[in-house]
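*Asks:* Fold the following and give me the result.
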Amino acid sequence: MTAFYTDRLSARPGETIALHASSAAGPCRLEIARIGATREVVATIPDIAVADHPTPEDADRAGCRWPVATDVRIGEGWRTGYYDLCLIDAAGAEWHHFVCVRPAQGTRAARALIVLATNTYHAYNYWGGASAYCDVAALMSGTKRLDAAMAGAIGRLSTQRPFAQPLVAAPADVPRLVNMRKRAFGERPWAGDPDWSRAHRATPYDGSAGFLHKWEHVFVAWAEREGLALDYATDGDLDAEPEALDGYAAVLLVGHSEYWTARQRDVIERFVDAGGGLAIFSGNTAFWKVRYDDAGATFVCHKWRGFDDDAAAQDDPAAATHLWSHRAFDRPEAAITGLSFLYGGYHRLGLCAARGQGGYTIYRDRHWALAGTDLFYGDVIGDAVPLLGYENDGCRFTFDAAGLPVPVPALGVPEALEIVAVAPCVFGEDPDSPYRAIIPPENLDMIARDVFGDASLATHPGLTRGHAVMASFRRGEGEVFNAGTTEWAHALAARDPFVERITRNVLSRFDAV
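*Replies:* Residues are numbered from 1 along each chain as shown. This is a model prediction of the structure:
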């Protein structure tokens, strides 16, 4: 097998990245292409000598330790963006990786910066066996059932290994993580496109991360067609560079920005407080607190076992990796995002809102984000796309005397949050249904105890009944807009006029265009 990885995921023009490879069919050729609205090949490196190297048994935890096959210098004229690295061996087999090319040091090519959710890529990467979610190799080989395989998830993941190809090299026809139609009367629940998954022998985790043909790719392709300029960075760049956001008017998070480090969050909060605009076109945003060890070679993500399996947490609880909403951190994600997945959930997936409308119901029709949209109270947008699906963020709310939803300021949700639109979601499937569960159950007992401080809430139906919410709020000198769903980019791809106009309004409000 031919496979490879790079020593880092981002670089600036003139800098060099190291390519570590193994192949039984060398020599190899490397093709480098920028991916946006089109695929633009910028360089080809032929005749790379690559030897066949063993894969260590602990590669998922400790990396591959393969030697450098070649160095790749980022071209001075390469535009900022996502670059697909495709290594082709002598037999014609391909393996893909990527590098995020940032603007040249000290320059800004655009007023808006998109932050690629590379922490999410790492958490879902199961190359070598396991991910932060599951022992995927055991699951797919049939040696473990799902519950046992999930118990084999690992909390320390190497960044020095290849990516599972369904994550970073998904085909153009990869289905969305949403049921495109409502469940019929008496119909057994399903998730996504079961026929496609069976034909491609897909794992349950392949659609949840990665750029190519997924949310971020869809978004930047739309932006480029619309003439909107974007600079690029990764989650890791924000973690490593306190000044990473300096000079930008707006920061964009798209799709599935699920994992944030403390330093990354510090950078984003300082940016907003100083007057920046944070545009969140993502769902399940900032749900998990993570960190990097070993100078970035290890991604630490113990998830639910963050205070039990992490030696660093025993010495310093603030270093633990767990829910950002865990009471021990006193820093729920909604304080910066406005919303939380804990108050939202799934829509049109499995039995979760399986007959949901797939779109938002408009309430605050005079909100600035709806200017020029021709939308009024009670209108529904995005239901034909569908705009809602997979994972969505929300908040608790009540209604004021004018019939408009107002937030319940709990778990970091700001009192000043302006709720624009809502739709029902479910934080897990009904355990009393006659159908086999499709969505892995959340740890409701742990959430009740460690987030809300009341273990009795674990069986309360209110813990799983939520809403997707579109909202905005002022924070410090800046402002945050949160679309509240992973699927926003797909509505742009569908040329939904309401979603397109709202997106332009947000970018204009944040001085990004």
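*Asks:* Show me the shaky parts of the chain.
*Replies:* Nowhere does the chain drop to pLDDT under 70.
*Asks:* OK, contacts around Leu116?
*Replies:* When contacts are counted by CB atoms under 8 Å, 6 or more residues apart in numbering, Leu116 touches 82, 100, 211, 216, 232-235. (C-beta placed from N, C-alpha, C; glycine too.)
*Asks:* which residues does it bridge with?
*Replies:* Beta-bridge partners for Leu116, by DSSP bridges, are Thr234.
*Asks:* In the stretch 251-400 of the chain, mark out all the helices, start to finish.
*Replies:* Counting by DSSP state H, counting those that start in this stretch, the stretch 251-400 of the chain has helices at residues 262-273, 311-315, 334-337.
*Asks:* Relative to Arg474, which of these is closest?
*Replies:* Closest approach to Arg474 among those (CB to CB): helix 262-273, 9.3 Å.
*Asks:* chain center to that closest one: distance?
*Replies:* In terms of CA atoms, centre = their mean, to the nearest Å, the centre of helix 262-273 is found 18 Å from the chain centre.
*Asks:* Tell me which stretches of the stretch 301-450 of the chain form strands.
*Replies:* Assigned by DSSP state E, counting those that start in this stretch, the strands in the stretch 301-450 of the chain fall at 340-347, 360-362, 380-381, 390-394, 397-399, 405-407, 418-426.
*Asks:* Ala11: which of the ones you listed is closest?
*Replies:* Each of these was scored for nearness to Ala11 using CB to CB, and the closest is strand 390-394 (30.6 Å).
*Asks:* Tell me where the stretch 51-200 of the chain has helices.
*Replies:* Shown for the stretch 51-200 of the chain, the helices assigned by DSSP H, counting those that start in this stretch span residues 59-62, 118-124, 136-141, 146-151, 165-168, 194-199.
*Asks:* ok, residues contacting the last one?
*Replies:* Residues from elsewhere that reach helix 194-199, judged by CB under 8 Å, 6+ apart: 173-175, 202.
*Asks:* Do a quick rundown of the strands in the stretch 51-200 of the chain.
*Replies:* Going by DSSP E, counting those that start in this stretch, the stretch 51-200 of the chain shows strands at 68-73, 81-88, 94-101, 112-116, 156-158.
*Asks:* Arg475: which of these is closest?
*Replies:* Arg475 sits nearest to strand 112-116 of all these, at 17.6 Å, using CB to CB.
*Asks:* what angle separates the closest one from strand 81-88?
*Replies:* 40 degrees (axes from the mean of the first three to the mean of the last three CA atoms, to 10 degrees).
*Asks:* For strand 112-116, buried residues please.
*Replies:* 112-116 (16 or more other CB atoms under 10 Å).
*Asks:* cool, stretch 192-200 as well?
*Replies:* 192-193, 197, 200.
*Asks:* ok, now which ones touch Leu339?
*Replies:* Neighbour list for Leu339: 285, 393-395, 413, 469, 471, 482, 484 [criterion: CB under 8 Å, 6+ apart].
*Asks:* now do Tyr124
*Replies:* By CB under 8 Å, 6+ apart, the contact set of Tyr124 is 131-133, 167, 205, 208-210.
*Asks:* Where neighbours are concerned, which of those has the most?
*Replies:* Across those, neighbour numbers were computed from other CB atoms under 10 Å; Gly210 holds the maximum, 30 neighbours.
*Asks:* Setting the sequence-adjacent residues aside, check what's closest to that residue.
*Replies:* Leu167 (4.1 Å; CB to CB, 6 or more residues apart in numbering).
*Asks:* List the contacts of that neighbour.
*Replies:* Leu167 is in contact with 121, 124-125, 206, 209-210, counting by CB under 8 Å, 6+ apart.
*Asks:* what does Ile48 give?
*Replies:* By CB under 8 Å, 6+ apart, the contact set of Ile48 is 19, 21, 26-30, 69-70, 87.
*Asks:* Check Pro414 too.
*Replies:* Pro414 touches 334-335, 338, 407, 473, 475, counting by CB under 8 Å, 6+ apart.
*Asks:* Kindly recompute the last result at 10 Å.
*Replies:* 334-339, 395, 407, 471, 473-475, 480 (CB atoms under 10 Å, 6 or more residues apart in numbering).
*Asks:* Of the residues you listed, which is the most crowded?
*Replies:* So for the contacts of Pro414 (other CB under 10 Å), the most neighbours sit at Leu339, 33 neighbours.
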